[in-house]
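In: Quick one, what's the 3D model for this:
(chains A, B, C and D)
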There are 2 protein chains.
Amino acid sequence: MTKTKTAEAAPKALPLNQIMDGDCIEAMQSLPDECIDLIFADPPYNLQLKGALHRPDNSKVDAVDDHWDQFSSFRAYDEFSQAWLAEARRILKPNGAIWVIGSYHNIFRVGAKMQDAGFWILNDVVWRKSNPMPNFRGKRLTNAHETMIWASKSEGGKYTFNYEALKALNEGVQMRSDWVLPLCTGHERLKDENGQKAHPTQKPESLLHRVLIGSTNPGDVVLDPFFGTGTTGAVAKMLGRDFIGIEREENYREIAKKRIAKVRRLDRDSLMVSTSKRAEPRVAFGVLVERGMLRPGEELFSLNGRHKAKVRADGTLVSHDTKGSIHQVGAALEGAPSCNGWTYWAFKQEGKQVPIDVLRQQIRAEMARPGEA
Amino acid sequence: MTKTKTAEAAPKALPLNQIMDGDCIEAMQSLPDECIDLIFADPPYNLQLKGALHRPDNSKVDAVDDHWDQFSSFRAYDEFSQAWLAEARRILKPNGAIWVIGSYHNIFRVGAKMQDAGFWILNDVVWRKSNPMPNFRGKRLTNAHETMIWASKSEGGKYTFNYEALKALNEGVQMRSDWVLPLCTGHERLKDENGQKAHPTQKPESLLHRVLIGSTNPGDVVLDPFFGTGTTGAVAKMLGRDFIGIEREENYREIAKKRIAKVRRLDRDSLMVSTSKRAEPRVAFGVLVERGMLRPGEELFSLNGRHKAKVRADGTLVSHDTKGSIHQVGAALEGAPSCNGWTYWAFKQEGKQVPIDVLRQQIRAEMARPGEA
DNA sequence: CACTATAGTGAATCGCCTG
DNA sequence: ACAGGCGATTCACTATAGT
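Out: Residues are numbered from 1 along each chain as shown, chains lettered A, B, ... in the order given. Model prediction:
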């Protein structure tokens, strides 16, 4: 399913790796037909929140009450969805695809409009949050997930799907339609000059990592019409994809620009993803990469000090001309029949070598918690 | 949130614990307004419906009709959804609720129509299948979940939600919107005389168990307009709820009837679930003073150690120049929007601080004992 | 420095009864 | 209908302060 970029696919210069200013519909109108490989869209959810909400300790929840999330009615929201989806579909290449993320407030309406517009749904994917905000009043279930819709431009569209790469990210078994990933917090969460969150709904990079690894190839053009603080652009740049962002808030554009400038593109080795079957590893080393505990391109060192290897975006290693799982590469370098990669490899942290098994323990601790079985 | 059945709620005899024959819309039309506590609906998907669908002009759609394109298919499905949802909403009690289950083929369209009909979405719930069928062709993600929409009849409807019971089901932490449950297999899966599965989409009883425990009380009337082989009825009977099924396939009705006949209702003790404090009788703080459990003039201490207040003869507190109920004074001293005085204040007993809530529990225990109230 | 305690926070459609 | 009082209600994680 590899696609090559042709001159015809970009008949005039696209604003690649830039952030367009203004309304997303108007900005898309300025782009030519069939020039985009993948669209990732995180439209306003139309939350319709009422009064203030306090936690049991009486602290106030910082609600999403931004003007851009306000619509007067379901009808107004539907018209907005229909309009941006129509433009999005026009500029998508025939074999392109789209991802749209939302919650129960909007996703059903958006999904129906997507089908009406001619998009062909491939999967709905559930982002299961490992650390969601609880339901403080005990009146409903914890709202612990969001829904993404993955669709091709039309029925029969030859969309990109890197099956083996996603399988490699998932312990060697097929990637499922439910993805357990933590919220965007900590250092990854962008802050403004006052230390407050820069954007109320910043998405985790791990989510975009999985989307882009699974449904684009290096060199593809990824459009995000609701760019915000640029998570899509940051991950696209890291993974060697081109991006086009559209964002109407100047503040967000500035933050995104600075953020993306700091991102380093991965080298070619790290970008190569598996193209053939390999043995089923016992543990999902790829999750460490996806979650940013280890970065693609980062070097691992054998604990005996004799070898090193580089991490790739799909959770495999490369050392000289040897590629494969952490176990396979370790075994090959040692000339041994087998090797437990978890106890063989270490990464550098503040000058010290730390076994990667430490990271596995962290993941396991998360997985052991209820609700994540 | 306990509801009592009243004569007015069932003005004429309902076909309780029976399976109605025929089309679900016509069958619902024969039921009176506002007679159902909960609806669980597993509507058929798009393509299975062709033979039964009507075009907007009411001409019947022929399954082999060449003019059956994607657009008219969606349109007809929407009309079908709208029609059955309208009837479902009419027969639902004002404080009733509905669950609808579907996959990406239909759930977005159904969800949008539910919102259009006036249903108020409470949560979308993901049934995360622990043992899904793999995607054999490797062209998409493993379709490992289905989506349920839980909605009240209207915004502001006082739906039933047994928060504590679901929390107990989830090892003491509040129930999330993603439920990990296995598919219906093994002995639970009904077989026909040839050993083939009797129904293509039989739902697991564990799913209905959680739905009914969480959103109904014993004695409630549960309607399933797409009854199939009767999972809803079987679980409802077991849990001491009444059911009404509607199914147009005689074969399914027969299987369901036999299945439900074998189910035994649980005894009363087994049906008891954890309840909220909200359901317990109110006790006025003044009663503690009246009964001499606390004396006027006695000092209370905030459990955080920062404040104290004096009890007055009328059951109010005074602290410096702040007077009022245990709640009002607590909130004022903490500068908080509200305060639960029962868990905020303590009194001194033999040198130790004891929360006043202990005294409330004593009163409640006395009230529960017959002949002492 | 290691460890513990405390505070803060995340796309949230988050009461009910009485007068 | 509306106002006001009662009083029920949180999970996982990060960051910082304290010991």
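In: CA only for contacts and neighbour counts going forward, please
Out: OK.
In: Sketch out the low-pLDDT regions of the stretch 251-373 of chain A for me.
Out: Residues of the stretch 251-373 of chain A meeting the criterion pLDDT under 70: A:272-284, A:291, A:363-373.
In: what does the stretch 1-150 of chain A give?
Out: Residues of the stretch 1-150 of chain A that meet the criterion pLDDT under 70 lie in A:1-12.
In: for it, what spans make up the helices?
Out: Remark: helices assigned in the stretch 1-150 of chain A by DSSP state H, counting those that start in this stretch are A:24-29, A:74-91, A:107-117.
In: Next, format these as CSV and append distance to A:W179.
Out: Below are those laid out as CSV (distance: least, Cα to Cα, whole Å):
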stretch, distance to A:W179
helix A:24-29, 28
helix A:74-91, 25
helix A:107-117, 17
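In: Out of those helices, which is closest to B:W127?
Out: Evaluated over the helices of the stretch 1-150 of chain A, closeness to B:W127 peaks at helix A:107-117, with 16.7 Å, by Cα to Cα.
In: roughly how far is that closest one from the heart of the chain?
Out: Chain-centre distance of helix A:107-117: 22 Å, with Cα atoms, centre = their mean, to the nearest Å.
In: now stretch A:19-31
Out: Counting by Cα atoms, centre = their mean, stretch A:19-31 comes out at 22 Å from the chain centroid.
In: And for stretch A:14-22?
Out: 20 Å.
In: same thing with stretch A:44-51?
Out: Mean-position distance between stretch A:44-51 and its chain equals 24 Å (Cα atoms, centre = their mean).
In: is it anywhere near DNA strand C?
Out: Yes: counting by Cα under 7 Å from any atom of the strand, contacts between stretch A:44-51 and DNA strand C involve A:P44, A:Y45, A:N46, A:L47, A:Q48, A:L49, A:K50, A:G51.
In: Just the buried residues of those residues.
Out: A:P44, A:Y45, A:N46, A:L47 (16 or more other Cα atoms under 10 Å in any protein chain shown).
In: what sits against the residue lying closest to the second one once chain neighbours are set aside?
Out: In space, not counting the residues next to it along the chain, A:Y45 is nearest to A:N106; the distance is 5.4 Å by Cα to Cα, 6 or more residues apart in numbering or on different chains. Under the criterion of Cα atoms under 8 Å, 6 or more residues apart in numbering or on different chains, the contact list for A:N106 reads A:Y45, A:N46, A:L47.
In: sorry, back to before: let me know which of the helices of the stretch 1-150 of chain A is the nearest to DNA strand C.
Out: helix A:74-91 (8.5 Å; Cα to the nearest atom of the strand).
In: by contact count, what packs against that closest one?
Out: helix A:24-29, helix A:107-117 (3 or more Cα pairs under 8 Å, 6 or more residues apart in numbering or on different chains; DSSP states H and E).
In: Compare those and give me the one nearest chain B.
Out: Closest to chain B of those is helix A:107-117 (Cα to the nearest Cα; 4.1 Å).
In: Okay, and the residue in the stretch 201-350 of chain A positioned nearest to DNA strand C sits in which element?
Out: Nearest residue of the stretch 201-350 of chain A to DNA strand C, counting by Cα to the nearest atom of the strand: A:T201, 4.2 Å away. Using DSSP states H and E, A:T201 is not contained in any helix or strand.
In: and it, what pLDDT?
Out: A:T201 is assigned 98 on the pLDDT scale.
In: distance of it from A:T231?
Out: Between A:T201 and A:T231 the computed distance is 11 Å (Cα to Cα, to the nearest Å).
In: cool, and A:G335?
Out: From A:G335 to A:T231 the distance is 42 Å (Cα to Cα).
In: can you check A:A52 too?
Out: Taken as Cα to Cα, the span from A:A52 to A:T231 is 29 Å.
In: In terms of neighbours, single out the busier of those two.
Out: A count of neighbours by other Cα atoms under 10 Å in any protein chain shown puts A:T231 above the other of A:A52 and A:T231, at 23 against 9.
In: which residues touch the more buried one?
Out: A:Q202, A:K203, A:P204, A:E205, A:L208, A:A256.
In: Measure how buried A:G186 is and give me the count.
Out: The burial count assigned to A:G186 is 8, neighbours taken as other Cα under 10 Å.
In: If I look at it, what pLDDT would I see?
Out: Looking at A:G186, its pLDDT is 94.
In: The one 10 residues further on too?
Out: pLDDT for A:Q196: 94.
In: how close does it sit to A:F226?
Out: Using Cα to Cα, we find A:Q196 at a distance of 21 Å from A:F226.
In: now A:D62
Out: 21 Å.
In: Counting neighbours, go ahead and name the busier of these two.
Out: Shown here are A:D62 and A:F226; by other Cα under 10 Å, A:F226 has more neighbours (19 against 10).
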